[in-house]
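> Starting from these lines, generate the structure:
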Amino acid sequence: MILIRTFLITLFLILPSLASASTLDEIMKSGTLKVGTTGDFPGWSFMNPETSEYEGYDIDVAMKLAEDMGVEVEFVATDWKNLVSGVVANKYHMTSSASITAKRAITAGYSNSYYGTGTVAMVLSKNKDKISSWDQINNSNYSVAVTLGTVFENEATKSFPDAKIIAVEAPAREYQEVLSGRADVSLTSKVDAMKLVQLYPELSIVNLDEPKNAKLFAILLPRGDQEWINFVNHWIADQKNKGFFNQTAAKFGL
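Have a look, this model is predicted:
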């Protein structure tokens, strides 16, 4: 009985400290904020092959957050297929931008949103007259490329049931299938497409003025860690008020 009583007292004393432990405490103790990012999203998170450094909107956001916390930032390479599982497994404390979906929210937590966009289709410029509208894509004669693990994979299946869907796995990207001629169309966000047409003039955006499936961008966080989620949300609100997100978007032409 004495041993059991001693065990229960010890457990009672330990549980409050365990309950109060947060990712926020872990970051402040280690001095490092770990950010999972794909590096394949021009203008947002892009691994520059010339400098071997990440650059883009999301990178600046993570660096600013780390700066305000007084810690270092460490970017952890991941891909879209494993983006959610990485934050759940504590491989990183947060991610760069991810579209908010119910499926992801079942497993991981989200910050408040700080940017919105929609889906567009991309084709070779020489095929723009042949495929000039979103509705034309749903055709058994056309193939649509998407990247595995992205929201566009599901969107393509729902929007174009008659077309052939080609899913590629990172580090490959869907637009590369169009450039190579292996696919007629690719799907991505409007903000991504705007950067891609600058990098590859041979690509054109089909529905630039009418993007589909409006979506919000946010940071993926550990679902059960409300203290960390609250901290990030307070930071986002403060930086919105100070104009940081708008200034950063303008910097990268978003």
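> For the rest of this, base every contact and every neighbour count on C-alpha atoms.
Will do.
> residues of the strand or helix carrying residue 29 that come out buried?
Remark: residue 29 resides in helix 23-30, with elements defined by DSSP states H and E. Residues of helix 23-30 classed as buried by neighbour count (16 or more other Cα atoms under 10 Å): 23, 24, 27.
> just these now: which is nearest residue 93?
Nearest to residue 93, judged by Cα to Cα, of these is residue 23 at 6.9 Å.
> Let me know the secondary structure of the closest residue to that closest one other than its chain neighbours.
Nearest residue to residue 23 in three dimensions, chain neighbours excluded: residue 228, at 6.0 Å (Cα to Cα, 6 or more residues apart in numbering). Recorded secondary structure, residue 228: helix (DSSP: H, G, I helix; E, B strand; the rest coil).
> and residue 163, how far is that from residue 125?
Here residue 163 is placed at a distance of 20 Å from residue 125 (Cα to Cα, to the nearest Å).
> again, but for residue 185
11 Å.
> Pick out whichever of those two has more residues nearby.
The neighbour count for residue 185 versus residue 125, taken as other Cα atoms under 10 Å, is higher for residue 185 (28 against 16).
> Report the contact partners of the more buried one.
121, 122, 123, 137, 142, 143, 144, 145, 175, 178 (Cα atoms under 8 Å, 6 or more residues apart in numbering).
> Hmm, the last one is touching residue 121, no?
No. With contact defined as Cα atoms under 8 Å, residue 178 does not count as touching residue 121 (10.8 Å).
> Touching both of those two, which residues are there?
185, 186.
> and the two? which has more neighbours close in?
In this view residue 178 and residue 121 are compared by other Cα under 10 Å, and residue 121 has more residues nearby, 28 against 21.
> secondary structure class for the nearest residue to the more buried one once chain neighbours are set aside?
Excluding its sequence neighbours, the residue lying closest to residue 121 (Cα to Cα, 6+ apart) is residue 187, at 4.7 Å. Assigned by three-state DSSP, the conformation of residue 187 is strand.
> What is the burial count for residue 187?
25.
> follow-up on the earlier one: from the buried residues of helix 23-30, which single one is nearest residue 88?
residue 23 (11.9 Å).
> OK, contacts around residue 82?
Neighbours of residue 82 in contact, by Cα under 8 Å, 6+ apart: residue 149.
> can we see that at 7 Å?
With contacts defined as Cα atoms under 7 Å, 6 or more residues apart in numbering, residue 82 has no neighbours.
> mind checking the SS state of it?
helix.
> then the helix holding residue 29 to CSV, C-alphas only?
The C-alpha trace of helix 23-30 is given here as CSV (Å, rounded to 0.1, in the frame of the first residue of the first chain):
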residue,chain,number,x,y,z
THR,A,23,6.2,22.5,-28.7
LEU,A,24,6.7,26.2,-27.8
ASP,A,25,8.7,25.2,-24.7
GLU,A,26,10.7,22.7,-26.7
ILE,A,27,11.6,25.3,-29.3
MET,A,28,12.6,27.9,-26.7
LYS,A,29,14.7,25.3,-24.8
SER,A,30,16.5,24.0,-27.9
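> when you give positions from now on, start the count at 375
Noted, 375 is the first residue going forward, which turns the last one into helix 397-404.
> could you dump the buried residues of helix 397-404 to a markdown table with pLDDT?
Below are these laid out as a markdown table (pLDDT from 0 to 100):
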| residue | pLDDT |
| --- | --- |
| 397 | 95 |
| 398 | 96 |
| 401 | 97 |
